[in-house]
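J.: Mind looking at a prediction? Sequence and model below.
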Amino acid sequence: MENNYSISVDKLTKKFGNFTAVDAISFDVNGGEIFGFLGANGAGKTTAMRMLCGLSIPSSGKATIAGFDVYKETEKIKRNIGYMSQKFSLYEDLTVAENIQFFGGIYGLDRKELRDKSAELIARLGMEKDAKKLVNSIPLGWKQKLAFSVAILHRPEIVFLDEPTGGVDPLTRRQFWDLIYQAADSGITAFVTTHYMDEAEYCNRISIMVDGKIEALDKPAALKNKYGVNSMNDVFQHLARGASRSDL
Amino acid sequence: MASEIILDDIVKTYGKGKQLAVDHVSLQVQPGELFGLIGPDGAGKTSIFRILTTLLLADSGNASVAGLDVVKDYKAIRKIVGYMPGKFSLYPDLTVKENLQFFATVFNSDIQENYHLIRDIYVQLEPFKERRAGKLSGGMKQKLALCCALIHKPRVLFLDEPTTGVDPVSRKEFWQMLARLKEQGITILVSTPYMDEAGLCERIAFIQNGKILKTETPDQILKEFPDALYKIQSDNMYHLMELLKQIPEIKSSYAFGDSVHATIKEQGSQTVRQRLIDAGLPSLVFETTKPQIEDCFIQYLHE
């Protein structure tokens, strides 16, 4: 499949036995775009995201991630993306510097690159004093910012963010979005899931999944317009309320 | 009327006093009240819940639930409270029905006795009643945990972040269930990191770094917002936010959904407006707006 999209998905489907978790979804994401991937619990977001990250082979359909095929080139996909979730991000028992080294190493940075980049990163985050502290002793907000920075240390084409801001305070949440904007401004594509509907407004475009299908996909303003409501929360309530499958 | 939950100057530290988790917290919740503890992860919410449910001893201060002391009367408290911890704590190898039966039996009750309390929630779980709890999805686990916390008809219900990670539709349903439980006269202390849920409580306390920043009704908190709040919008939000950071008359500016909420130094609003017009931002909107709970929380964080 030849295209210039960062992510290109065509009728992608995943079945578990008789159950169609992801039902022929199609969309394209441009380079440097912030793309919000929304849906109710159980709508199929996680299954879809696992296929896009090369962790699960689709049942049918096509998709390329950074130009690589989700059936045949899963290892290349993994090397060209970054991933961060609220649940798993950093090793709590390693120091800040050790985490940077560990993930940089995994993503294939050589020794010199690693040294330069980790010094630069620690300086940029203003964490010089904390480099030798264990990650479990630093505040959650810093952890989150560090985890994001580590996920893009190898300059991936795309970064997948799975509910990256769950549980953090409103100020830190906004600082975190500043980092996403900066990354997108530098050309990295951000693919984001969130349950905060105000954050959906920060995305260039969003899709909303209901019962395994993409029910809506557009700019936030266009969606609000289409459904005649004032907020993304209302758009979401409108679409997801019709879901027949809640959270199986 | 005596308060149903009392925290009086409670302090809790971890790691031999190194880490201050709860910093001289005092709080009173009235009988039948739906009270929200609003704050991010690590603010001290869970420590407070564990102290009140007699699972954790405070370093100093007093606390009571339904007039019973959390240290002296811990056995009596355990009989009359329901607790839904933030972390899933049911038996993963027991089925949905077995978990519920287990919790009912522990309290010398059975599922039938207080079924009316859990009926609305349990009907949604019923199709999966033979499924092991460990195999349920996140939202279903939360519903089962709430059933298990309710099955002995507690006088006081403690819910630690029941809606974290739950989608907006299910969150709305969960709060509708809480409103119905409140009608049964149960006192509810609930914590959440979602500011939009604060408005659904009768009173709330903002908490950050172990300290209570403010305790009030949501309406009163909104009324007390000290500044005029401006809603600023443009088609180029990133550019707008960067520009606002450089204007000295701006006191604070934060992304807020599809707009920026900003407060402006005295007499500065015309200057700010002119700077934005001069910058030629596309589709500029500049108007005053009403604060929301999240605006208020951010403002207290700065004090």
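T.: Great, that's in hand.
J.: Would you map the strands across the chain?
T.: Since you didn't name a chain, this refers to chain A. With DSSP state E, the ranges of strands along chain A come out as A:7-16, A:19-29, A:34-39, A:60-65, A:68-69, A:81-85, A:158-162, A:189-193, A:205-210, A:213-218.
J.: if you could check chain B rather than the one you did, that'd help
T.: Using DSSP E, strands in chain B cover B:5-14, B:19-29, B:34-38, B:60-65, B:68-69, B:81-84, B:156-160, B:187-192, B:203-208, B:211-216, B:229-233, B:250-256, B:259-264, B:285-289.
J.: Can I get those strands in CSV including mean neighbour count and mean pLDDT?
T.: C-betas here are computed from N, CA, C, even on glycine. Listed next are the strands of chain B as CSV, based on neighbours: other C-beta atoms under 10 Å in any protein chain shown; pLDDT from 0 to 100:
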stretch, mean neighbour count, mean pLDDT
strand B:5-14, 18, 97
strand B:19-29, 19, 96
strand B:34-38, 25, 96
strand B:60-65, 19, 98
strand B:68-69, 17, 98
strand B:81-84, 24, 96
strand B:156-160, 23, 97
strand B:187-192, 25, 96
strand B:203-208, 23, 96
strand B:211-216, 17, 96
strand B:229-233, 20, 95
strand B:250-256, 19, 92
strand B:259-264, 22, 94
strand B:285-289, 13, 95
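J.: Taking their axis directions, the longest helix seen in chain A and strand B:203-208 sit at what angle?
T.: Criterion DSSP state H: the longest helix present in chain A is helix A:170-185. With axes from the mean of the first three to the mean of the last three C-alpha atoms, to 10 degrees defining the directions, helix A:170-185 sits at 60 degrees from strand B:203-208.
J.: Show me what from chain B comes close to chain A.
T.: With C-beta under 8 Å from any C-beta of the partner chain as the criterion, chain B meets chain A at residues B:39-43, B:124, B:137-140, B:161, B:164-172, B:193-196, B:208, B:237-238, B:241, B:254-258, B:294, B:297-298, B:301.
J.: Show the buried residues in these.
T.: The neighbour-count test (16 or more other C-beta atoms under 10 Å in any protein chain shown) marks B:39-43, B:124, B:138-140, B:161, B:164-172, B:193-196, B:208, B:237-238, B:241, B:254-258, B:294, B:297-298, B:301 as buried among the residues of chain B next to chain A.
J.: Check the burial of residue A:190 by counting its neighbours.
T.: The tally of other residues near residue A:190 (other C-beta atoms under 10 Å in any protein chain shown) stands at 27.
J.: looking at chain A, which residue ends up farthest from its center?
T.: residue A:129 (29.3 Å; C-alpha atoms, centre = their mean).
J.: could I have stretch B:88-98 exported to CSV, CA atoms only?
T.: What follows is stretch B:88-98, C-alpha atoms only, in CSV (Å, rounded to 0.1, in the frame of the first residue of the first chain):
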residue,chain,number,x,y,z
PHE,B,88,-9.8,-3.8,42.4
SER,B,89,-9.9,-5.9,45.6
LEU,B,90,-12.5,-8.7,45.0
TYR,B,91,-11.6,-12.4,44.6
PRO,B,92,-10.7,-12.9,41.0
ASP,B,93,-11.2,-16.7,41.2
LEU,B,94,-14.7,-16.4,42.5
THR,B,95,-17.6,-15.7,40.1
VAL,B,96,-19.7,-12.6,40.2
LYS,B,97,-22.4,-14.3,42.2
GLU,B,98,-19.9,-16.0,44.6
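J.: got the contact list for that stretch?
T.: The contact list for stretch B:88-98 (C-beta atoms under 8 Å, 6 or more residues apart in numbering or on different chains) reads B:99, B:102, B:125, B:128-136, B:141, B:144-145, B:148.
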